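**Student:** could you look at this predicted model? Sequence included:
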Amino acid sequence: MDRASLLRNRKYGAYSLNALFRKVDPSAIIAEEEIAAANSGLKRVLSVYELIAYGVASTVGAGIFVTIGIVAKNDAGPGVALSFIVAGFASFLSALCYSEFASRVPVSGSAYTFAYVSLGELMGWFVGWNLTLEYAISASAVARGWAGYLVSALQSVGADPPGWLNNYRINSLLSLSPLALAIVVLCTLVLLFGMKESARLNLAVTVINMLIIFFIIIAGSFYVETHNWSPFLPYGFSGIWRGVGTVFFSYIGFDSVSTLAGEVRNPGRDLPIGIVGTLGIATGIYIAVSLVVTGMVSYLEMNVNAPLSQAFFSRGLGWAGTIIAFGSVTTMSATTLVSLIGQPRIFYQMAKDGLIFKIFQRTNVKGVPVWGTIITGVMSGVIAFFLDLDALTNMISIGTLLAFIVVCGGVIVLRYQESDRPARVPLYLLGYFVACIIFAVSFTYLQVLQPWSLFLTGTLLVASFAPFLFMRTTSLPTTFKCPLVPYVPALGILMNVWFIVSLPWDAIVRLLIWTFLGMVLYFVYGIRYSTLRRQEATIEWETTQ
């Protein structure tokens with residue numbers, strides 16, 4: 001029997017428990033990536049500066065122009081700066097884990113590849129499938145935000161754009177926005193010209209955005225009145241904690257830096273710098289801007305829709321408010337562009353692994369995954385044109401948080417994995433994950449039973465973590481190392497679980513529905529055409545010759 005016949009005969013024998021947990025070899029996919037780069041695959045053209053610019057554009061978007069006002073007025077008052085510090089710390093824990101993985105496995109795919117390497121094919125598919133939802137909807141949501149900012153900026157200079165250009169309401173579900181569709185189409189065309197060209201454009205726009213943000217901080221500081229900071233914590237520490245749950249999602253985006261691993265010149269050095277550098281810059285910007293804007297305007301009088309520009313308008317600085325209004329448009333333009341980059345790279349890696357259709361693996365002469373980019377643009381453009389995305393934004397958050405959890409857990413698995421007992425560490429990790437859920441639910445919802453509920457669930461949490469303290473390290477990376485393992489990844493898992501539990505339950509239900517659809521596709525196509533399964537068939541064929 002030839003190899004092709006053997007593979008066909010094995011198609012209906014593809015379903016086994018071992019198939020769900022087979023792992024891809026990091027050295028093998030790194031070698032494949034280098035061979036592909038030398039031919040027609042992704043090109044390693046990005047410098048560390050372009051990488052950080054991409055990360056900053058992904059992260060510093062609507063968070064700085066909207067979220068600050070919402071949290072200051074409704075949750076934390078001037079203490080919104082403390083909410084950003086706590087949320088930045090929580091993101092930093094995951095960023096350290098991402099940095100270790102990105103330097104260990106410097107290929108496109110981000111958390112999907114990391115999960116495939118450490119936890120197996122089924123978990124890799126789960127993460128990759130949910131990341132596709134995150135990137136597609138986030139690009140659409142940003143495009144909708146861009147359209148709204150553009151209309152507001154034009155109105156600030158006396159223009160009156162027709163209402164049908166943005167948010168033309170059809171019914172309770174459909175709301176048309178030709179402007180949102182236009183920016184998605186434009187950004188998709190830019191990306192098809194090549195990663196290097198797109199990176200240069202994004203770097204230029206990001207520099208302009210940083211100048212505008214520095215203008216806000218410096219000019220606004222001259223109009224800060226310190227009595228606006230009193231009381232600094234009008235809603236107490238509980239308000240700070242409520243604010244953390246909201247502003248945390250302003251940091252989502254730093255993880256997308258790792259999707260460019262296959263296009264970075266020196267990934268072992270530059271990826272950790274890009275990931276941690278992005279987070280550090282974003283945190284500094286958020287803290288400084290929040291202090292300035294809450295010092296310029298009382299938190300009780302904050303405009304939640306456009307807090308920055310309105311703060312300057314309220315002080316008689318109309319010219320400055322106009323600059324900021326148009327600056328928000330350029331910022332959201334860059335965010336729309338970079339939101340469309342991550343999805344095709346994940347599609348590309350999943351297609352190389354045989355889990356989705358091979359069309360997503362094709363690249364053009366510029367090394368751009370052309371069909372993945374076009375299909376992503378079409379999906380995002382259609383969603384942005386037809387749907388008001390307020391009800392879907394929580395799905396973006398929950399998909400990213402799940403990816404954070406898997407990456408943090410993957411670091412523990414790779415550090416302590418034992419070749420003779422491969423299931424031991426993942427099972428302990430599963431127990432710790434369940435304990436985190438129980439503790440987070442108790443902390444969030446069972447207020448009546450406190451402090452007994454916290455004591456009991458806290459004891460369970462500590463007991464489930466204890467085995468990691470006695471495990472022997474079996475693998476250390478040669479480049480960037482996440483410090484204080486297992487403490488840092490374990491704390492990262494706990495905080496991300498807490499954020500998921502704090503989300504509305506309907507977001508979790510929608511995630512389960514999307515995951516079910518993904519599992520159907522995996523068991524119909526992915527598990528049967530997996531590259532690892534074909535390699536197993538090849539080995540079997542060779543041993544029978």
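**Tutor:** Yep, that arrived.

**Student:** can you list the low-confidence ranges for the stretch 201-350 of the chain?
**Tutor:** For the stretch 201-350 of the chain, the stretches flagged by pLDDT under 70 are 305.

**Student:** do the chain as well
**Tutor:** For the chain, applying pLDDT under 70 flags the ranges 1-13, 33-41, 62-63, 66, 172, 305, 388-397, 446-450, 536-545.

**Student:** now the strands: where do they sit in it?
**Tutor:** Ranges of strands in the chain, per DSSP state E, are 168-169, 175-176.

**Student:** send me stretch 253-260 as CSV with only the CA atoms.
**Tutor:** What follows is stretch 253-260, C-alpha atoms only, in CSV (Å, rounded to 0.1, in the frame of the first residue of the first chain):
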residue,chain,number,x,y,z
GLY,A,253,-3.6,44.4,22.0
PHE,A,254,-0.1,43.9,23.4
ASP,A,255,-0.6,40.2,22.8
SER,A,256,-1.0,40.8,19.0
VAL,A,257,2.7,41.7,18.8
SER,A,258,3.4,38.0,19.0
THR,A,259,1.4,37.3,15.8
LEU,A,260,4.3,39.0,14.0
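
**Student:** okay, now the residue nearest to residue 270 when sequence neighbours are not counted: neighbour count?
**Tutor:** With sequence-adjacent residues excluded and distances taken as C-beta to C-beta, 6 or more residues apart in numbering, residue 270 is closest to residue 48, at 4.2 Å. Quick note: C-beta positions are derived from backbone N, CA and C, even for glycine. Using other C-beta atoms under 10 Å, residue 48 has 16 neighbouring residues.

**Student:** what's near enough to touch the residue nearest to residue 403 when sequence neighbours are not counted?
**Tutor:** With C-beta to C-beta, 6+ apart as the criterion, residue 403 has its nearest non-adjacent residue at 3.8 Å, and that residue is residue 111. Contacts for residue 111 (C-beta atoms under 8 Å, 6 or more residues apart in numbering) come out as 98, 127-128, 131, 255, 258, 403-404, 406-407.

**Student:** roughly how far apart are residue 111 and residue 514?
**Tutor:** Separation of residue 111 from residue 514 (C-beta to C-beta, to the nearest Å): 16 Å.

**Student:** in the stretch 201-350 of the chain, which spans are helices?
**Tutor:** Using DSSP state H, counting those that start in this stretch, the helices found in the stretch 201-350 of the chain span residues 236-247, 267-296, 307-314, 318-339, 342-352.

**Student:** looking at these, which is closest to residue 116?
**Tutor:** Residue 116 lies closest, by C-beta to C-beta, to one member of the helices of the stretch 201-350 of the chain: helix 342-352, at 8.6 Å.

**Student:** just how off-centre is that closest one within its chain?
**Tutor:** 15 Å (C-alpha atoms, centre = their mean, to the nearest Å).

**Student:** other SSEs contacting that helix?
**Tutor:** helix 26-38, helix 111-119, helix 121-156, helix 370-386 (3 or more C-beta pairs under 8 Å, 6 or more residues apart in numbering; DSSP states H and E).

**Student:** let's see 6 Å
**Tutor:** Applying 3 or more C-beta pairs under 6 Å, 6 or more residues apart in numbering; DSSP states H and E, one finds that helix 342-352 contacts helix 121-156, helix 370-386.

**Student:** ok, and what's touching it?
**Tutor:** Contact with helix 342-352 is made by 108-109, 112-113, 128, 131, 135, 256, 259, 356, 358, 360-361, 369, 372-373, 376, as judged by C-beta atoms under 6 Å, 6 or more residues apart in numbering.

**Student:** got the CA coordinates for that helix in PDB?
**Tutor:** In PDB, the C-alpha atoms belonging to helix 342-352 read as follows (Å, rounded to 0.1, in the frame of the first residue of the first chain):
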ATOM      1  CA  GLY A 342      -3.200  39.500  13.400                       C
ATOM      2  CA  GLN A 343      -6.000  37.400  12.100                       C
ATOM      3  CA  PRO A 344      -4.400  36.400   8.700                       C
ATOM      4  CA  ARG A 345      -1.200  35.400  10.600                       C
ATOM      5  CA  ILE A 346      -3.100  33.000  12.800                       C
ATOM      6  CA  PHE A 347      -5.000  31.700   9.800                       C
ATOM      7  CA  TYR A 348      -1.600  31.200   8.000                       C
ATOM      8  CA  GLN A 349      -0.100  29.100  10.900                       C
ATOM      9  CA  MET A 350      -3.300  27.100  11.300                       C
ATOM     10  CA  ALA A 351      -3.300  26.300   7.600                       C
ATOM     11  CA  LYS A 352       0.300  25.300   7.700                       C
END
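
**Student:** need the helices and strands packed on helix 342-352 in a markdown table with mean neighbour count, can you?
**Tutor:** Formatted as a markdown table, the helices and strands packed on helix 342-352 follow (neighbours: other C-beta atoms under 10 Å):
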| stretch | mean neighbour count |
| --- | --- |
| helix 121-156 | 24 |
| helix 370-386 | 21 |
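
**Student:** can I get those in CSV with distance to residue 318?
**Tutor:** Converted to CSV, the helices and strands packed on helix 342-352 look like this (distance: least, C-beta to C-beta, whole Å):
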stretch, distance to residue 318
helix 121-156, 8
helix 370-386, 31
